[in-house]
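*Asks:* Let me see the structure of the following:
(one chain, ligands or ions: 2)
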Amino acid sequence: MPADNKQGETMTNLSRRGVLAGLAAAPILTASPEQSAAQAAGPRWTPQQAQAALKDAKGTKLVLLGTAAGPVPGRTREMTSHVMLSNGAAYVLDCGMGVTNQFARTGIPFNALNSIFITHHHADHNIEYGPLLIVGWIQGVKNGVKAFGPPPLKQMTDDLMRAYKQTVDFWAEDFHMTPLTEVKVQEVAAVGPVMQDDNVKVSAIVVEHPPVKPALAYRFDFKDRSIAFSGDTAPLHAVAEMAKGADVLVHETMYVPAVEKYIKGQIAQGRPVKFEAFMEHMKADHSPSEDVGRIAQEAGVKTLVLSHLTPAIDSITDETWREPVAKYFKGEIIVGKDLMVV
Ligand SMILES: [Zn+2]
Ligand SMILES: [Zn+2]
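*Replies:* Ligands and ions are numbered 1, 2, ... in the order given. Below you'll find the predicted structure:
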């Protein structure tokens, strides 16, 4: 997946910090002028902004923990992860690298973690599943935490628990804690209902992300709000069907001109990949901006969040992300930022 962490962009972000710090003083509510300013200010919200937005929140909130596509370290955006907070319970969707730190930055206590959902087994969606559980347990995650995702999630969880048993046991002995032994895993491999509790009803569909099978999209129907996630997928009518009438659709988004420019640059530097073959792969697996707009319009969602941004480079402006989508989708469009509260 494309990456770009050029020094120049890092410097730009440093200079943006002053702007963000100024905004942090004001509580951020949905669609407020402060939020619009934060949108324009860079790829991240500050932890203070996120915490203020959650503190003032009425009802269910979604925090975008990581908004970058691909398992590439060292960028300003983290790999894909989200948390939804409803009635004091936290539901994490995807565990790209960075999920544990970002979760902590929201100020949501670890003992609020109710369930983890994995869309598919690519590293940018699952690599920090184990650390979230184990570091999370040290910080308060309870035995009995639930996990949902495609096979072999059960085996992966068992293997992780076995690999870290000694580590967990040392800590439990030292601090007189009950060791983390119980993660309730339920594998999800087909369309249908996933789980239901007092806060939410969750369902899944299978999406198109070859060669990954199954790759899932999820829909969360909370009492006050419905939030759907495309996961990683080629443009799919089924995603529009799943997201029908939802308040929020978080859809992966690929800005094709920038991907083309990026890969041409890589090839010029000697990366052994053919341009046509690379773009063919990208189009078979991911959703160009225009299609994301069409799908959101067909679904009739109120708000579309562009995330899992491809390429995840900071030089692409919010307006550039928004423009091809807005040709087709007439609702609210939010360009995802790390730690943004929606
Ligand atoms: Zn991905
Ligand atoms: Zn993927």
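
*Asks:* Give me the neighbour count for the residue in the stretch 51-200 of the chain that ligand 2 sits nearest to.
*Replies:* Ligand 2 sits closest to residue 122 of the stretch 51-200 of the chain, with a gap of 3.5 Å, by C-beta to the ion. Every C-beta, even on glycine, is put in place using the N, C-alpha and C of the backbone. By other C-beta atoms under 10 Å, the residues close to residue 122 number 23.

*Asks:* and if you look at residue 58?
*Replies:* Residue neighbour count, defined by other C-beta under 10 Å, stands at 8 for residue 58.

*Asks:* With residue 123 instead?
*Replies:* Quick note: residue 123 (other C-beta under 10 Å) scores 14 neighbours.

*Asks:* Quick check, it in contact with residue 69.
*Replies:* No: counting by C-beta atoms under 8 Å, residue 69 is not a contact partner of residue 123; they are 11.7 Å apart.

*Asks:* check contacts around residue 160.
*Replies:* Under the criterion of C-beta atoms under 8 Å, 6 or more residues apart in numbering, the neighbours of residue 160 are 129, 130, 133, 134.

*Asks:* Assign a three-state SS to it, would you?
*Replies:* helix (DSSP: H, G, I helix; E, B strand; the rest coil).

*Asks:* so where does residue 198 fall, helix or strand?
*Replies:* Using DSSP states H and E, residue 198 falls within no helix or strand.

*Asks:* Contact partners for the residue lying closest to it once chain neighbours are set aside?
*Replies:* Spatial nearest neighbour of residue 198, excluding adjacent residues (C-beta to C-beta, 6 or more residues apart in numbering): residue 87 at 7.5 Å. By C-beta under 8 Å, 6+ apart, the contact list for residue 87 reads 60, 198, 199.

*Asks:* Now for the most centrally placed residue in the chain: which residues touch it?
*Replies:* Centroid-nearest residue in the chain, with C-alpha atoms, centre = their mean: residue 81, separated by 3.1 Å. The contact partners of residue 81, by C-beta under 8 Å, 6+ apart, come to 65, 66, 92, 93, 94, 95, 96, 98, 99, 102, 103, 128.

*Asks:* out of the residues you listed, which is most surrounded?
*Replies:* residue 95 (31 neighbours).

*Asks:* quick one: that residue from residue 124, how far?
*Replies:* Residue 95 sits 10 Å away from residue 124, going by C-beta to C-beta, to the nearest Å.

*Asks:* Check residue 69 too.
*Replies:* 7 Å.

*Asks:* what ranges do the helices span in the chain?
*Replies:* Counting by DSSP state H, the chain has helices at residues 7-24, 33-40, 47-55, 99-105, 123-126, 129-138, 153-163, 165-175, 237-242, 256-268, 275-285, 289-299, 318-326.

*Asks:* Save the ones you listed as CSV, and put in mean pLDDT and distance to residue 249 too.
*Replies:* As requested, the helices of the chain are exported to CSV (pLDDT from 0 to 100; distance: least, C-beta to C-beta, whole Å):
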stretch, mean pLDDT, distance to residue 249
helix 7-24, 34, 26
helix 33-40, 47, 18
helix 47-55, 97, 20
helix 99-105, 98, 21
helix 123-126, 98, 18
helix 129-138, 98, 24
helix 153-163, 98, 24
helix 165-175, 97, 38
helix 237-242, 98, 8
helix 256-268, 95, 20
helix 275-285, 95, 19
helix 289-299, 98, 5
helix 318-326, 97, 11
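
*Asks:* Now distance to residue 210 too, for the ones you listed, in CSV please.
*Replies:* As requested, the helices of the chain are exported to CSV (distance: least, C-beta to C-beta, whole Å):
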stretch, distance to residue 210
helix 7-24, 32
helix 33-40, 33
helix 47-55, 35
helix 99-105, 25
helix 123-126, 15
helix 129-138, 22
helix 153-163, 20
helix 165-175, 36
helix 237-242, 15
helix 256-268, 18
helix 275-285, 6
helix 289-299, 17
helix 318-326, 24
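
*Asks:* can you redo those helices as CSV with distance to ligand 1?
*Replies:* CSV is the format used below for the helices of the chain (distance: least, C-beta to the ion, whole Å):
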stretch, distance to ligand 1
helix 7-24, 21
helix 33-40, 23
helix 47-55, 22
helix 99-105, 13
helix 123-126, 4
helix 129-138, 14
helix 153-163, 17
helix 165-175, 28
helix 237-242, 15
helix 256-268, 14
helix 275-285, 9
helix 289-299, 15
helix 318-326, 17
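
*Asks:* mind checking which of these is nearest residue 310?
*Replies:* Closest to residue 310 of those is helix 256-268 (C-beta to C-beta; 6.1 Å).
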